[in-house]
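Colleague: Generate a structure from the sequence data that follows.
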Amino acid sequence: MTQPLEQIVRRKLSDEVFDRLERLITSGELQPGDEMPSERVLMERFGVGRPAIREAMQSLANKGLVSISHGERAKVLRLTAKSIFRQVDLTAKIMLSQSADSLEHLKSARIFFERGMAREAAQRASANDIKDLRAIIERQRASLGRAEEFIDADMEFHTRIAQISGNPIYIAVSEAMLAWLKEYHTEMLIWTGKEKFTLAEHDEIVDRLEANDVDGAETAILKHLERSRALYAK
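Modeller: As a prediction, this is how the structure comes out:
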């Protein structure tokens, strides 16, 4: 029986260079903050031309591994949960714009996530955390009638709850989901009375957190998010 052909696909030189540069970073040979070797050094080291080096370097930058500034050598970046989510920010927004189902799935994922954050925060919240949350609510109350400021304060409130966890991944997830949802926040928020519901619900959430009421905090944030999910629409 004839064996099927297994064609060997030739790779671009820049892809090979990218793999080798990536290994320099992942192996620890190059640390966050280090400058990448100069183009001339890399050309001699890998035996390739300048275009392959530049294309590979741009691919590293696109993946958030290095920063490129005009007239300076590229520098290795320190990866964080926040920087990783930032890399997929545009892709996520395009995905949401192309499918109403994706937006609904994101809203459901946010509710699931924030219920957990509320439970965590109710167990860990300090007096300073509660003070910060109440200050955010007051800034939000002061911004009534100014939709953009009101929404920004709303996002800050929910991210501050995630910060109580002390987990940078939770914080990055919260910030990313809120930023993606903001694109679809409708003007329904500033209809008379709608913003008052938000403020009252935020007050109730903080009251439950301050009382270390785990179930109550989850119930309060679930009620808040189920009502407000209709404010996000394509």
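Colleague: after the helix or strand that contains S102, next one along is what?
Modeller: In this assignment (DSSP states H and E), S102 forms part of helix 100-124. As assigned by DSSP H and E, the chain's next helix or strand after helix 100-124 is helix 127-142.
Colleague: For that following helix, the averaged confidence score.
Modeller: Taken as a whole, helix 127-142 carries a mean pLDDT of 97.
Colleague: can you give me the angle that helix makes with helix 100-124?
Modeller: Interaxial angle, helix 127-142 versus helix 100-124 (axes from the mean of the first three to the mean of the last three C-alpha atoms, to 10 degrees): 130 degrees.
Colleague: Nearest spatial neighbour of the residue most central in space within the chain, chain-adjacent residues omitted?
Modeller: Nearest to the mean C-alpha position of the chain, by C-alpha atoms, centre = their mean, lies A176 at 2.8 Å. Closest residue in space to A176, ignoring its immediate chain neighbours: F85 at 4.1 Å, by C-beta to C-beta, 6 or more residues apart in numbering. Yep, even glycine has a C-beta here, placed from its N, CA and C like the rest.
Colleague: same deal with S174?
Modeller: Nearest residue to S174, sequence neighbours excluded (C-beta to C-beta, 6+ apart): A162, at 3.8 Å.
Colleague: how far away is that neighbour from K93?
Modeller: Per C-beta to C-beta, to the nearest Å, A162 is found 21 Å from K93.
Colleague: Neighbour count: those two, which is higher?
Modeller: Between A162 and K93, A162 has the larger neighbour count (other C-beta atoms under 10 Å), namely 26 against 15.
Colleague: Settle this for me: the more buried one is touching P168, isn't it.
Modeller: No. Judged on C-beta atoms under 8 Å, A162 makes no contact with P168 at a distance of 9.8 Å.
Colleague: re the thing from before, residues contacting the helix or strand containing the residue nearest to A176, please?
Modeller: Take DSSP H and E as the rule and F85 turns out to sit in helix 81-87. Outside helix 81-87, the residues that touch it by C-beta atoms under 8 Å, 6 or more residues apart in numbering are N62, K63, G64, L77, P168, I169, I171, A172, V173, E175, A176.
Colleague: who touches the third one in this structure?
Modeller: By that I understand G64. Counting by C-beta under 8 Å, 6+ apart, G64 has contacts L77, L79, S83, I84, R86, Q87.
Colleague: So it, which state does it fall into?
Modeller: Following DSSP: H, G, I helix; E, B strand; the rest coil, we place G64 in the coil state.
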